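Enquirer: what's the 3D shape of this:
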Amino acid sequence: MLNIIITLLFAYLGYYIAKKLNIPAPGMIGSMISVGFLSVVFQNAYFPSEIRVFTQIIAGSFIGIQIHKKDFMSFKQLYKPCLLLIFMLTINTFLVGVIIHEFCGVDIMTALLSCCAGGATDISLIAMDMGAKTSTVAMMQVLRLFIVILCFPAWIKFLVRNEHEVIDKYVEPKVSISNGFNLLLTKVLKTNNMRLCFTLLVALIFGLMGSASGIPSGALVFAMLSTAFLNCTTRHAYMPLTIKTGAQIFAGALVGCTLTRETIINFQKLVLPVFLLITSYLLVNLIFSLICKKKKYLDMKSALFASCPAGVSDMALIAGDLGGDMAKTALIQVVRLVFVIACMPTLSQIFVNVFYK
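Expert: Residues are numbered from 1 along each chain as shown. All right, here's what the predicted structure looks like:
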């Protein structure tokens, strides 16, 4: 029990420091580094693995809470670039994953999950379920997040330096939610605390069903889909940022406990895989944007931001700052994230079973 308390204290301290330093995803990154330090130096970091399922449920529900009815309606206007990006990222994951496996000595499942363009927290939790080396996946994902947020805005500004502004024909739809279920919940759920409890209950029930289903990362996927359905059919899905932060801290602690001295010693072996991964993302980013521009799916700047493999809110905000379209960027980023979380674990498992068993 004492080790759990010490681990949690280190996790929160890491989050607090990372937040003060304005590090992206401070809950995940800060707690992972601090608990990893505790694990490597003192070798007494401990966090019960049973908490993983509940952390996955919270993480999945937060992805679901970002999906709204208007997103489905907007998809009619943006389905072509969404499908193109999903196709390109899927091919990139398997191609670069196999290259990293063959030439960098990383096992195939770890390599594939390291190349998935999902959230660092989400993919790290998925790695725990799928027998991958979680510490390697987490470090690859965190390094990808850092490099993309730090470097891609400058890369995009360089690519669009001679581009002219275009008239945006995209109109975000106005939606209304009026059904019997929503009206019933309006009468029953009077406060945000009641909405929070109801949202957590829905996510928990379906998350546990997903965990029992045997589907890869079923807890996260089912919690995500059930919360998304609730958010699209009612106005009562609610979850404050503090709970998301808590889930990230727990996830970081879980990953940090898997770090060992051997992991640190072998860190230099990740230089080449990270270089290959970032180079592949740059190519996907450029090719996707050129195709979108030629086919008139999107303007060049919006296409570049929409295909950046970073956080949904991060890239939407950066796009807004640099003259991109925040609405289109956010929608395509959400579609990309949902596809990666919902489908890539299963596709990766099938790929490994077919070609590496």
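Enquirer: Residue 344: which element?
Expert: Using DSSP states H and E, the element containing residue 344 is helix 326-355.
Enquirer: How about that helix, which residues are buried there?
Expert: Neighbour counts over helix 326-355 (16 or more other Cβ atoms under 10 Å) mark 326-342, 344-345, 347-349, 351-352 as buried. The C-beta positions use only the backbone N, C-alpha and C, and glycine is treated the same way.
Enquirer: go on, stretch 95-104?
Expert: Along stretch 95-104, these residues count as buried under the neighbour rule (16+ other Cβ under 10 Å): 96-101.
Enquirer: out of those, which one sits closest to residue 274?
Expert: residue 100 (9.5 Å; Cβ to Cβ).
Enquirer: how many degrees apart are whatever helix or strand that closest one lives in and helix 326-355 in direction?
Expert: Here residue 100, judged by DSSP H and E, is contained in helix 69-104. Relative orientation of helix 69-104 versus helix 326-355 (axes from the mean of the first three to the mean of the last three Cα atoms, to 10 degrees): 40 degrees.
Enquirer: can you tell me which helix or strand the closest residue to residue 218 other than its chain neighbours belongs to?
Expert: Nearest residue to residue 218, sequence neighbours excluded (Cβ to Cβ, 6 or more residues apart in numbering): residue 210, at 3.3 Å. Assigned by DSSP H and E, residue 210 belongs to helix 192-213.
Enquirer: Packing partners of the helix holding residue 100?
Expert: The contact analysis (3 or more Cβ pairs under 8 Å, 6 or more residues apart in numbering; DSSP states H and E) places helix 69-104 against helix 108-114, helix 218-233, helix 271-295, helix 300-306, helix 326-355.
Enquirer: Try it again at 7 Å.
Expert: helix 108-114, helix 271-295, helix 326-355 (3 or more Cβ pairs under 7 Å, 6 or more residues apart in numbering; DSSP states H and E).
Enquirer: For residue 121, find the nearest of the ones you listed.
Expert: Using Cβ to Cβ, the nearest of these to residue 121 is helix 326-355, at 10.6 Å.
Enquirer: Could you report the distance from residue 257 to residue 34?
Expert: Distance of residue 257 to residue 34, computed by Cβ to Cβ, to the nearest Å: 11 Å.
Enquirer: Looking at the two, which one has more neighbours?
Expert: Set residue 257 next to residue 34 and count neighbours by other Cβ atoms under 10 Å: residue 34 wins out with 26 against 23.
Enquirer: how far out from the middle of the chain is stretch 296-314?
Expert: 15 Å (Cα atoms, centre = their mean, to the nearest Å).
Enquirer: what ranges of this structure fall below the confidence cut-off?
Expert: Judged by pLDDT under 70, the chain has its weakly predicted residues at 163-179, 311-322, 324-327.
Enquirer: Geometric centre of it: which residue is closest?
Expert: Centre of the chain computed as the mean C-alpha position; nearest residue by Cα atoms, centre = their mean is residue 119, 1.9 Å away.
Enquirer: quick revisit: dump the helices and strands packed on helix 69-104 to TSV, plus distance to residue 191.
Expert: Formatted as TSV, these follow (distance: least, Cβ to Cβ, whole Å):
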stretch	distance to residue 191
helix 108-114	39
helix 271-295	43
helix 326-355	28
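Enquirer: Show me the one of the ones you listed that comes nearest residue 305.
Expert: Closest among these, once you apply Cβ to Cβ, is helix 326-355, at 4.6 Å.
Enquirer: other SSEs contacting the closest one?
Expert: Here helix 326-355 touches helix 51-64, helix 69-104, helix 108-114, helix 218-233, helix 300-306, helix 312-321, going by 3+ Cβ pairs under 7 Å, 6+ apart.
Enquirer: Contacts only, for the nearest residue to residue 280 once chain neighbours are set aside.
Expert: The shortest distance from residue 280 to any non-neighbouring residue, by Cβ to Cβ, 6+ apart, is to residue 96 (4.7 Å). Applying Cβ atoms under 7 Å, 6 or more residues apart in numbering to residue 96 gives the contacts 115, 276-277, 280.
Enquirer: repeat that for 10 Å
Expert: 111-112, 114-115, 273, 276-277, 279-281, 283-284 (Cβ atoms under 10 Å, 6 or more residues apart in numbering).
Enquirer: Buried among these? Need that as a selection in ChimeraX.
Expert: Selecting only the buried entries of the contacts of residue 96 in ChimeraX, with 16+ other Cβ under 10 Å as the criterion:
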select :111,112,114,115,273,276,277,280,281,284
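Enquirer: Let me know the closest of the contacts of residue 96 to residue 310.
Expert: Here the nearest of the contacts of residue 96 to residue 310, counting by Cβ to Cβ, is residue 281; it sits at 9.7 Å.
Enquirer: Thank you, goodbye.
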